[in-house]
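Peer 1: I'd like to go over a predicted model; first the sequence, then the structure.
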Amino acid sequence: MTANGNGTAQVLGAGIEIVAQQKLQPESKIYERVQQLSAFFKQQFGADPDFIVRVPGRVNIIGEHVDYCGYSVLPMAVSQSIFLAVAKNPSDSQLQLRNLEEAKFAGYDADLKTLRIELPKSGGPAWYNYFLCGIKGIQESLGSQWKPIGMRIAVDGNVPLAAGLSSSSAMVSSAVLATAHVQGKKLDRRELASISAMCEQYIGTHSGGMDQAIAYLGRVGCAHHIEFHPKLKGTPVTLPAGKCFVVANSLAQKNKAASSDYNERVVECRLATRWLAKRKGLINWEDIVRFIDLEEACQMDNATFEKLIKDNLTKSNYTRADICKELGVTEQELETKFLSANTRHMEQFKLRQRALHVIQESGRVAKFRKICEELAGGANKEGAKQLGELMRQSHESLRELYECSHPDVERLIAISNQQKVSARVTGAG
């Protein structure tokens, strides 16, 4: 699976049921990038790579901040990707990482016998930490079968950083795929997605799994309805014929691992779930952490769940004292049992707003898929307008209830509205 200068290049990427090898012809759009990366690899390490890995970024069409609550999403993969040129070195245990953008991303070396992920006390993780997460994920998955096989890796990518297109998850997933291949471990796409999603906890992000799932489950020419409960499942969704999605970068950057904002939303959702589970009299309320598990335990539909939230979470802000009283725990127990390391500073919790967004957004995802299916069958003449309205509602909820928009994003939304085009923020916000 080497790139070569006299014909074709083979790339390891996500396939339909298993990881697939794609043979590239010189006229392929990505052939030149693969050749450039391979040349850089040879310059750095004095030999050709054994194989190339490609993992795409993604744009989420609808279903924001619901995956970590167990609900389905509807993203699509994008052409912008992370590429790796990889060679294994069984004679040693050294990891050597080099980035094509050397001036911006310094190289990194480590011994895989003593792999450690050291995070800074402030600011975001270094670029190579995301790669180390993927290695550690495969190491944990293999257990005693893990072998510290040396790897030399050159990295290239054109997924915009901190722009809501999942550049960090693409990096983690590429590391998982490359390391699994070096280790000789054959994993199907669902296993790869699950391991990749789990990996991000090593940099402190409580990922829901959407970004990793679409990276492995995505297909050319369609979006995917991705379900997480009761197990990971991806269903291709044909988008309206004759319509296009414009992905615009507001240039406002947000690295979700560099702040606590993302994890704060996760914590608020989990606290709201337990609050409502206790109100419903469930004995195991403390173990119920996702809204979808509560929905299933109480056999509620979307409308019933929304009413439960409105009836039982009546305040716009809850204090630590409010939550401790309701759950019957001490403040120390609140911190150790229910808050994550980077959310223990929280004093106010917007349980009602977060819960309402998640439940209403999950309903919008289901409606979006249904309308797409109707349009594909020619059964809904107003479907495109209805999809636009769902996107508009989604953004309004993200701005008002989840508070994850930005003035620069709002300017783009305003321009879209002037042209009667529906738009929404995508990514963590």
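Peer 2: Now that the structure is in, tell me what you want to look at. Because the structure is predicted, anything quoted here is derived from the model rather than measured.

Peer 1: Please enumerate the helices of the stretch 251-400 of the chain.
Peer 2: 261-279, 291-298, 302-312, 320-327, 331-333, 351-376, 383-400 (DSSP state H, counting those that start in this stretch).

Peer 1: Quick check: which helices or strands does the fifth one pack against?
Peer 2: In this case it means helix 331-333. helix 320-327 (3 or more C-beta pairs under 8 Å, 6 or more residues apart in numbering; DSSP states H and E). C-betas here are computed from N, CA, C, even on glycine.

Peer 1: buried sites along the helix it packs on?
Peer 2: For helix 320-327, the neighbour count (16 or more other C-beta atoms under 10 Å) marks 323-324, 326-327 as buried.

Peer 1: can I get those residues in CSV with pLDDT and distance to Glu335?
Peer 2: Shown next, in CSV, are those (pLDDT from 0 to 100; distance: C-beta to C-beta, whole Å):
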residue, pLDDT, distance to Glu335
Ile323, 98, 11
Cys324, 98, 10
Glu326, 98, 16
Leu327, 98, 13
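
Peer 1: how about those, which pair is most distant?
Peer 2: Greatest spatial distance among the buried residues of helix 320-327 (C-beta to C-beta): Cys324 and Glu326, at 7.5 Å.

Peer 1: got any ranges where this structure has weak pLDDT?
Peer 2: 1-27, 254-258 (pLDDT under 70).

Peer 1: Could you pull out the strands in it for me?
Peer 2: All strands of the chain, identified by DSSP state E, fall at 9-13, 20-24, 51-62, 74-89, 94-99, 108-111, 150-157, 223-227, 233-237, 318-319, 348-349.

Peer 1: Could you look over those strands and pick the most buried one?
Peer 2: Comparing the strands of the chain by mean neighbour count (mean count of other C-beta atoms under 10 Å), strand 51-62 ranks first with a mean of 25.

Peer 1: one step back: the strands of the chain into a markdown table, with extra columns for distance to Glu333?
Peer 2: Formatted as a markdown table, the strands of the chain follow (distance: least, C-beta to C-beta, whole Å):
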| stretch | distance to Glu333 |
| --- | --- |
| strand 9-13 | 46 |
| strand 20-24 | 48 |
| strand 51-62 | 35 |
| strand 74-89 | 37 |
| strand 94-99 | 40 |
| strand 108-111 | 38 |
| strand 150-157 | 43 |
| strand 223-227 | 34 |
| strand 233-237 | 36 |
| strand 318-319 | 16 |
| strand 348-349 | 15 |
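
Peer 1: Can you say which of these is nearest to Arg424?
Peer 2: strand 51-62 (7.4 Å).

Peer 1: Now do that closest one against helix 351-376, angle only.
Peer 2: 100 degrees (axes from the mean of the first three to the mean of the last three C-alpha atoms, to 10 degrees).

Peer 1: doesn't Ala193 make contact with Leu187?
Peer 2: No: contact criterion C-beta atoms under 8 Å: Leu187 and Ala193 do not qualify, at 9.5 Å.

Peer 1: Who has more neighbours out of these two?
Peer 2: Ala193 (27 against 20; other C-beta atoms under 10 Å).

Peer 1: Show the contacting residues for that one.
Peer 2: 173, 209, 212-213, 215-217, 232 (C-beta atoms under 8 Å, 6 or more residues apart in numbering).

Peer 1: out of those, what pair is the most spread apart?
Peer 2: Ser173 and Leu232 (13.9 Å).

Peer 1: Who has more neighbours out of the two?
Peer 2: Remark: of Ser173 and Leu232, Ser173 carries more neighbours, 33 against 19, as counted by other C-beta under 10 Å.

Peer 1: got the contact list for that one?
Peer 2: Contacts of Ser173 by C-beta under 8 Å, 6+ apart are 55, 82, 134, 192-193, 196, 211-212, 215-216.

Peer 1: State the distance from it to Lys104.
Peer 2: According to C-beta to C-beta, to the nearest Å, Ser173 stands 21 Å off from Lys104.

Peer 1: One more: Pro90?
Peer 2: Remark: distance between Pro90 and Lys104 (C-beta to C-beta) = 31 Å.

Peer 1: Check Glu295 too.
Peer 2: 45 Å.

Peer 1: Thr426 - how many residues pack around it?
Peer 2: Burial of Thr426 is recorded as 25 neighbouring residues (other C-beta under 10 Å).

Peer 1: so it touches Val59, yeah?
Peer 2: Yes: with contact defined as C-beta under 8 Å, Thr426 counts as touching Val59 (5.4 Å).

Peer 1: tell me, what's touching these two both at once?
Peer 2: 164-165, 247.

Peer 1: so, if you compare those, which one comes nearest to Asp50?
Peer 2: Leu165 (28.4 Å).

Peer 1: which residues touch the spatially closest residue to the closest one that is not a sequence neighbour?
Peer 2: Closest residue to Leu165 apart from its sequence neighbours, by C-beta to C-beta, 6 or more residues apart in numbering: Gly57 at 4.2 Å. Gly57 makes contact with 77-78, 80-82, 159-160, 165-167, 170, 215 under the criterion C-beta under 8 Å, 6+ apart.

Peer 1: Just put the contacts of Ala193 in a markdown table and tack on distance to Leu37.
Peer 2: Formatted as a markdown table, the contacts of Ala193 follow (distance: C-beta to C-beta, whole Å):
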| residue | distance to Leu37 |
| --- | --- |
| Ser173 | 17 |
| Gly209 | 28 |
| Gln212 | 22 |
| Ala213 | 26 |
| Ala215 | 19 |
| Tyr216 | 21 |
| Leu217 | 25 |
| Leu232 | 30 |
